[in-house]
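Enquirer: Sequence first, predicted model second:
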Amino acid sequence: MKKSFFKSILLSALAFVGCHHNAPADTADVDTTYTDINQFCPENYDHLYAFQDQPQFMPVELFEGTNDSLLHQLLPDGRAEASINVFLLCGQGRNILFDAGMGAGNGGRLMRCLDSVGVSPEAVTDICITHLHFDHVGGLLNADMTPAFPNAVIHVSDVEYEAWTTGCFHNDPGLVPVIGLAYEGRIVQHNLAVDSAFLPGIVATLLPGHTLGHTCYALGQNLIIAGDVLHALTLQLEHPEFCARFDFDKAAAVQSRTALLSRSDKPYVIAGMHFPAPHFIVLQ
């Protein structure tokens, strides 16, 4: 399926190309900090940063579709460049994180990135979660399982949180029970049909498939933090029919991916939690 052409704009030499999941990239020991994407900062906010929490890559074996020969043709090196990313929005008296990465004990660099822009963990006011997989919430906890962000409110869709606590994922809940204890009284489950605009300038929308309550966040009029709707840009941008094997509902994931890429209000920016540097694309 041919998509509108896109261009990636490199804004900082400080962010390096990285990759995701089972294999760390060769650049894992490089001291990266952040990519400044302030030109997409929503009105009334001061700064928007893309942090590379960890560089990794995605092996071709992590993907599946209806045409394996095309899959290997599209990823001739046997892997796709990717990353694990976290985004930070500052202004209006808030420092808002979108996801929290892996955690320092698992090679995550979020704390180093925050320090590089002068934001302490205590100064983070809100954390908007796209979904509750480990590589997105591991950074919420210190090594001793105490909250890494002692003053932050955690925002998550009620569909996603319930899926991991009492629903379809509750038999393998990952870190969710520990996070629930660490942030007791500070986890807000949002019914997005009622309160989708629960922070100024930010609108949350369910785009399920990767997980049951996977959530995207629109910042202002032209930027979407898309979580894991897309994993491998070189593959899925032109062929959204290919899914990661860890997508919970592959048909829904394809539908969400196609909807995101087919929006009519172009140009718009998609920032992804697994996009290689500069961690976003512009669709024209």
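Expert: Here it is on my side, so go on. Residues are numbered from 1 along each chain as shown.

Enquirer: ok, which stretches of the stretch 151-284 of the chain are helices?
Expert: 158-165, 176-182, 233-236, 250-261 (DSSP state H, counting those that start in this stretch).

Enquirer: The ones you listed: lowest mean pLDDT?
Expert: Here the helices of the stretch 151-284 of the chain differ in mean pLDDT, and the lowest is helix 233-236 at a mean of 94.

Enquirer: Give the other helices and strands that it contacts.
Expert: Contact here means 3 or more CB pairs under 8 Å, 6 or more residues apart in numbering; DSSP states H and E; on that basis helix 233-236 packs against helix 68-74, strand 79-81. No exception for glycine: its C-beta is placed from N, CA and C like everyone else's.

Enquirer: Please repeat the previous calculation with a cut-off of 7 Å.
Expert: strand 79-81 (3 or more CB pairs under 7 Å, 6 or more residues apart in numbering; DSSP states H and E).

Enquirer: Can you name the element that comes right after the strand it packs on?
Expert: strand 84-91 (DSSP states H and E).

Enquirer: Would you mind listing the buried residues in that next one?
Expert: 84-91 (16 or more other CB atoms under 10 Å).

Enquirer: Name the nearest residue to Phe248, sequence neighbours excluded.
Expert: Thr211 (5.4 Å; CB to CB, 6 or more residues apart in numbering).

Enquirer: Please report phi then psi for that neighbour.
Expert: Main-chain dihedrals, Thr211, degrees, to the nearest 10: phi -130, psi 170.

Enquirer: which ones are touching it?
Expert: Residues in contact with Thr211 (CB atoms under 7 Å, 6 or more residues apart in numbering) are 131, 133, 160, 163, 248.

Enquirer: again, 10 Å this time
Expert: 130-133, 136, 157, 159-160, 163-164, 168-169, 227-228, 246-249, 252-253 (CB atoms under 10 Å, 6 or more residues apart in numbering).

Enquirer: residue ranges of the strands in the stretch 1-150 of the chain, please?
Expert: Assigned by DSSP state E, counting those that start in this stretch, the strands in the stretch 1-150 of the chain fall at 6-7, 23-24, 34-36, 47-54, 56-59, 63-64, 79-81, 84-91, 94-98, 126-128.

Enquirer: Can you tell me which of these is nearest to Met111?
Expert: Using CB to CB as the measure, strand 47-54 is the one of the strands of the stretch 1-150 of the chain that comes nearest Met111, at 9.7 Å.

Enquirer: Neighbours of the closest residue to Gly93 other than its chain neighbours, how many?
Expert: Nearest residue to Gly93, sequence neighbours excluded (CB to CB, 6+ apart): Thr125, at 7.6 Å. Residues within reach of Thr125, counting by other CB atoms under 10 Å, total 17.

Enquirer: and Thr125, how far is that from Pro150?
Expert: 11 Å (CB to CB, to the nearest Å).

Enquirer: Please apply the same query to Leu233.
Expert: Distance, Leu233 to Pro150, by CB to CB: 35 Å.

Enquirer: More neighbours: which of these two?
Expert: Applying other CB under 10 Å to Leu233 and Pro150 shows that Leu233 carries more neighbours, namely 19 against 13.

Enquirer: which residues touch the closest residue to the more buried one other than its chain neighbours?
Expert: Spatially, and ignoring its direct neighbours in sequence, Leu233 is nearest to Phe275 (6.0 Å; CB to CB, 6+ apart). Applying CB under 10 Å, 6+ apart to Phe275 gives the contacts 8, 18, 20, 50, 52, 81-83, 85, 226, 230-233, 281.

Enquirer: Tell me the one among those residues nearest to Gly185.
Expert: Taking CB to CB as the measure, Asn85 is the one of these closest to Gly185, at 28.5 Å.

Enquirer: show me what contacts that closest one?
Expert: Counted by CB under 10 Å, 6+ apart, Asn85 has contacts 15, 18, 20, 35, 50-54, 98-99, 101, 110, 136, 225, 271-277, 279-280.

Enquirer: Could you do Leu219 as well?
Expert: Applying CB under 10 Å, 6+ apart to Leu219 gives the contacts 40-43, 45, 48, 87, 89, 96, 98, 199, 201-203, 225, 269, 271.
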